[in-house]
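**Student:** Mind looking at a prediction? Sequence and model below.
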Amino acid sequence: MAAVTGEDVARARAAVAQRAPLVQCLTNSVVQTITANALLAAGAAPAMVDNVHEAAPFAAVASAVLVNVGTLDDVKATAMALAAGAARAHGTPWVLDPVAVGGLEFRTRVARDLLEHAPTVVRANASEVLGLAGAGAGGRGVDATDGVEDAVEAARALSSRTGGAVAVSGTVDVVVHAGRTVRVPGGHELLTRTTGAGCSLGALVAAYAGVEPDPLVAAVAAHLHVAVAAERAAERAAGPGSFATAWLDELDAVDAGALGAAAGRLA
Amino acid sequence: MAAVTGEDVARARAAVAQRAPLVQCLTNSVVQTITANALLAAGAAPAMVDNVHEAAPFAAVASAVLVNVGTLDDVKATAMALAAGAARAHGTPWVLDPVAVGGLEFRTRVARDLLEHAPTVVRANASEVLGLAGAGAGGRGVDATDGVEDAVEAARALSSRTGGAVAVSGTVDVVVHAGRTVRVPGGHELLTRTTGAGCSLGALVAAYAGVEPDPLVAAVAAHLHVAVAAERAAERAAGPGSFATAWLDELDAVDAGALGAAAGRLA
Amino acid sequence: MAAVTGEDVARARAAVAQRAPLVQCLTNSVVQTITANALLAAGAAPAMVDNVHEAAPFAAVASAVLVNVGTLDDVKATAMALAAGAARAHGTPWVLDPVAVGGLEFRTRVARDLLEHAPTVVRANASEVLGLAGAGAGGRGVDATDGVEDAVEAARALSSRTGGAVAVSGTVDVVVHAGRTVRVPGGHELLTRTTGAGCSLGALVAAYAGVEPDPLVAAVAAHLHVAVAAERAAERAAGPGSFATAWLDELDAVDAGALGAAAGRLA
């Protein structure tokens, strides 16, 4: 039996819908719209508060914080450090999405510094996990060139350092935390043809972490939610454009019952 | 009879379609795309000219200016003050959308300073109107925690200060100006599940203000336009993703005749 | 017979699909999402790497670079000059999209300076080509107020200066390079009602230039690809919202065979 059950993910899904966690997003400019829409579709409340004046005070009161380094600059890097520091100080769960870390020196340094604030969950592809951990050659932009299973050891090492969960996204996602490992198969290839699907997943992990104290359950529930919605959306999509639209519809439609029922695939 | 008639809103809608007002938008990064698309769908012409070099000269020649403080930073705040100042000096109508003002100190100060440039219309939810006026506890991020009717007195006081209209968006929108009050019922709950729908409404108010000299008519017409389009879109939407797409279609489809016919609900 | 054949565009389309060119985009904040989605739909890989630390090293390894000056500021202007300089130095093809150049002094100066780095293709509307070349009165924001044919001489002069191709987009697009001229009719009016369609075209020109050494072929293939996808999308769209979604679907669906078959219209 997997370390995360159908009851676990159903409970977390219901909590997101009922409590509407306020998710502060410091994320890249390409994906802000779909990230906000994915959070709204799931029943969470997005707030893109990412300036240096408001980042820290808002992190103190938000339900959760997402930090995604996709289109970084010096000012945003400062705001991210302030938000992550305030999140840790106030016990606000926070998620680090180290987009394209490993291959690019500036953001790799920034992301590694952010690790000091002990992210509740790191959400990344295999190349980014290896890059963040100091191993691997880095991806090609945002695409992983390493396999998920090649990054599991690095993920476990990262998790030991931060005390949080680490989720490696890929064809089969792997989430590790405190000696536990859960694999989440499923999803759909069209997710990789939709800009911001992975980044929105990071935001959904934050939404779940805002209502669910076990970071492994939060991360697994978010990954399963995205996968099931993608599978449903692909059935009625004519291509990548209509897929993205349908995926948002399905993020809304996948409720606690549907998510719990899909948990049989967890391994 | 309401202070704004079917003939008023039909005339304003026809003017937007025929004159294609050029709307300069200094708005937050989350909603730029849907804002531009909403303006294009209505027949207006968006121009996201928001840097410190171009903000003022462009405001002098644009049909109208939108200032939305959603994702503020110091540089944007400077550009906004330049644009608002130039708009006032050159008689260009301009709209202030004080996103999340009240709860966050930095943007509250910036938005209150912008009031000195006498916005033609302030477009906000109840918590933001109270926050801008110096009353209320502020919203939770972008969500209103106060009721529309609780903000009507503050809206009237704001309107007296600026000389412009103040629109309070909610389940039933209330627009006040110069002793007149109009209520706009309708719309759909899915508008609150679509990021940027409210911000796009602010831009549409600017588009209408660019062709219609009475700010009350401009604001009421824009709110009614958004509400009717939302009701139509909800009929054929499968969820929040397809709603957003259908809403843009319907912003285009709702013409002067349709808007005039829907004005019977105004009170 | 046109200077670009059906075989040429089919070969280029197949190369984009097979080689998935990595396109670095330094583009405006309004259109980042649709630009990334258009590239993904066509089979290319977008990477919005636009900060001053990473712009140059990434341009050295990317397949192609897009520079679009739509929402410029001083920091982005610096990153753009770094990226264009590195692209030229490392032989990376790059495309300049001079949005609203001519009417606005700041971006006109920046865009003219970028010309020194010899863009492989300039992609613009007629008013922007005239503005970049130092002729014409400039457009009204992003809209062309001059006709395509009025800009052909200026396009030829620009092409002589840069050594690259110049594409003038309009009802009938005109692409010039090294004494050759190709006209691309078609497309659909709804492209002008979708924010970022033109900017995405610029990115697709970069994707094609990343796999096709003849800049005339690259530019013509991208324009034809966008036009054919728009015609197909318009057939099933209910308005501008559903058009944008369908257009992304069709950018994916238009393959080498379909593009080659559509080349009979080239003149």
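**Tutor:** Noted; the coordinates are in hand.

**Student:** For the residue lying farthest from the centre of chain A, which residues are in contact?
**Tutor:** Centroid-distance maximum for chain A: residue A:238 at 26.8 Å, with C-alpha atoms, centre = their mean. Residue A:238 sits next to C:246, C:249 when contact means C-beta atoms under 8 Å, 6 or more residues apart in numbering or on different chains. Glycine gets a C-beta too; all of them are placed from N, C-alpha and C.

**Student:** Swap in 7 Å and give it another go.
**Tutor:** residue C:249 (C-beta atoms under 7 Å, 6 or more residues apart in numbering or on different chains).

**Student:** can you confirm it is in a strand?
**Tutor:** No: according to DSSP: H, G, I helix; E, B strand; the rest coil, residue A:238 belongs to no strand; its state is coil.

**Student:** Spatially central residue for chain A, please.
**Tutor:** Most central in chain A (C-alpha atoms, centre = their mean) works out to residue A:202, at 1.9 Å.

**Student:** pLDDT wise, what is it at?
**Tutor:** With respect to pLDDT, residue A:202 scores 98.

**Student:** That one and residue A:95 touch, don't they?
**Tutor:** Yes: counting by C-beta atoms under 7 Å, residue A:202 touches residue A:95, with 5.7 Å between them.

**Student:** what sits in contact with each of these two?
**Tutor:** Residues within reach of residue A:202 and of residue A:95 at once, by C-beta under 7 Å, 6+ apart, are A:66, A:123.

**Student:** neighbouring contacts of the helix or strand where the residue nearest to the centre of chain A lies?
**Tutor:** Assigned by DSSP states H and E, residue A:202 falls within helix A:197-209. Helix A:197-209 is contacted from outside by A:12, A:16, A:21, A:23, A:25, A:27-28, A:31, A:34-35, A:38-39, A:42, A:44, A:64-66, A:68, A:70, A:93, A:95, A:97, A:120-121, A:123, A:167, A:169, A:191, A:215, A:218-219, A:221-223, A:225-226, using C-beta under 7 Å, 6+ apart.

**Student:** among the residues you listed, which are in helices?
**Tutor:** Taking DSSP state H, the ones among the contacts of helix A:197-209 that sit in helices are A:12, A:16, A:34-35, A:38-39, A:42, A:215, A:218-219, A:221-223, A:225-226.

**Student:** These: which two are farthest apart?
**Tutor:** A:34 and A:215 (23.9 Å; C-beta to C-beta).

**Student:** does stretch A:100-117 come close to chain C?
**Tutor:** Yes: with C-beta under 7 Å from any C-beta of the partner chain as the criterion, chain C is reached by stretch A:100-117 at A:104, A:106.

**Student:** So what touches that stretch?
**Tutor:** Under C-beta under 7 Å, 6+ apart, the answer for stretch A:100-117 is A:67, A:69, A:72, A:77, A:80-81, A:84-85, A:88, A:96, A:98, A:127-128, A:130-132, A:136, A:138-139, A:141-142, A:161-162, C:51, C:53-54, C:58.

**Student:** With stretch A:53-68 instead?
**Tutor:** For stretch A:53-68, using C-beta under 7 Å, 6+ apart, the contacting residues are A:21-28, A:47, A:49, A:79-80, A:82-87, A:90, A:92-97, A:99, A:114, A:199, A:202-203, A:206-207, A:209-210, B:104, B:106.

**Student:** any idea how far the residue nearest to the centre of chain A is from chain C?
**Tutor:** Using C-beta to the nearest C-beta, to the nearest Å, residue A:202 is found at 16 Å from chain C.

**Student:** residue ranges for the helices of the stretch 51-200 of chain A, please.
**Tutor:** Secondary structure of the stretch 51-200 of chain A (DSSP state H, counting those that start in this stretch): helices at A:55-61, A:74-90, A:105-114, A:126-133, A:152-162, A:197-209.

**Student:** Most tightly packed of these?
**Tutor:** Highest mean neighbour count of the helices of the stretch 51-200 of chain A: helix A:197-209, a mean of 30 (counted as mean count of other C-beta atoms under 10 Å in any protein chain shown).

**Student:** Hey, what's the angle from it to helix A:32-42? Just curious.
**Tutor:** Here helix A:197-209 runs at an angle of 40 degrees relative to helix A:32-42 (axes from the mean of the first three to the mean of the last three C-alpha atoms, to 10 degrees).

**Student:** Report the inter-axis angle for helix A:197-209 versus helix A:126-133.
**Tutor:** With the same axes, to 10 degrees applied, the angle from helix A:197-209 to helix A:126-133 works out at 60 degrees.

**Student:** could I have helix A:197-209 exported to PDB, CA atoms only?
**Tutor:** Backbone C-alpha positions of helix A:197-209 (Å, rounded to 0.1, in the frame of the first residue of the first chain) are rendered in PDB as follows:
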ATOM      1  CA  ALA A 197       1.000  23.600 -16.600                       C
ATOM      2  CA  GLY A 198       4.100  22.600 -14.500                       C
ATOM      3  CA  CYS A 199       4.300  26.000 -12.800                       C
ATOM      4  CA  SER A 200       0.600  25.800 -12.000                       C
ATOM      5  CA  LEU A 201       1.200  22.400 -10.500                       C
ATOM      6  CA  GLY A 202       3.700  24.100  -8.200                       C
ATOM      7  CA  ALA A 203       1.000  26.600  -7.100                       C
ATOM      8  CA  LEU A 204      -1.400  23.800  -6.500                       C
ATOM      9  CA  VAL A 205       1.100  22.100  -4.300                       C
ATOM     10  CA  ALA A 206       1.200  25.300  -2.300                       C
ATOM     11  CA  ALA A 207      -2.600  25.400  -2.100                       C
ATOM     12  CA  TYR A 208      -2.700  21.900  -0.800                       C
ATOM     13  CA  ALA A 209       0.200  22.600   1.700                       C
END
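
**Student:** Figure out how far that helix is from the centre of its chain.
**Tutor:** 4 Å (C-alpha atoms, centre = their mean, to the nearest Å).

**Student:** didn't residue A:159 look like it was pressed against residue A:177?
**Tutor:** Yes: between residue A:159 and residue A:177 there is a contact under C-beta under 7 Å: 5.7 Å.

**Student:** so what sits against both of the two?
**Tutor:** residue A:165.

**Student:** For the residue in the stretch 51-200 of chain A that chain B sits nearest to, give me the backbone phi and psi.
**Tutor:** Residue of the stretch 51-200 of chain A nearest chain B, by C-beta to the nearest C-beta: residue A:53 (3.7 Å). Reported as degrees, to the nearest 10, the phi and psi values for residue A:53 are phi -80, psi -40.

**Student:** residues near it, how many?
**Tutor:** 20 (other C-beta atoms under 10 Å in any protein chain shown).

**Student:** Same question for residue A:214.
**Tutor:** Neighbours of residue A:214 (other C-beta under 10 Å): 19.

**Student:** do the one 4 residues further on as well
**Tutor:** Counted with other C-beta under 10 Å, the burial measure for residue A:218 works out to 34 neighbours.

**Student:** thinking it is in contact with residue A:15, fair?
**Tutor:** No: Residue A:218 is beyond contact range of residue A:15, at 9.8 Å (criterion: C-beta under 7 Å).

**Student:** shared neighbours, those two?
**Tutor:** Shared contacts of residue A:218 and residue A:15 (C-beta under 7 Å, 6+ apart): residue A:212.

**Student:** what does chain A put close to chain C?
**Tutor:** Residues of chain A lying close to chain C (C-beta under 7 Å from any C-beta) are A:29-30, A:33-34, A:71-73, A:104, A:106, A:140-143, A:193-196, A:238-242, A:245.

**Student:** Just the buried subset of the residues you listed, please.
**Tutor:** A:29-30, A:33-34, A:71-73, A:104, A:106, A:140-142, A:193-196, A:238-242, A:245 (16 or more other C-beta atoms under 10 Å in any protein chain shown).
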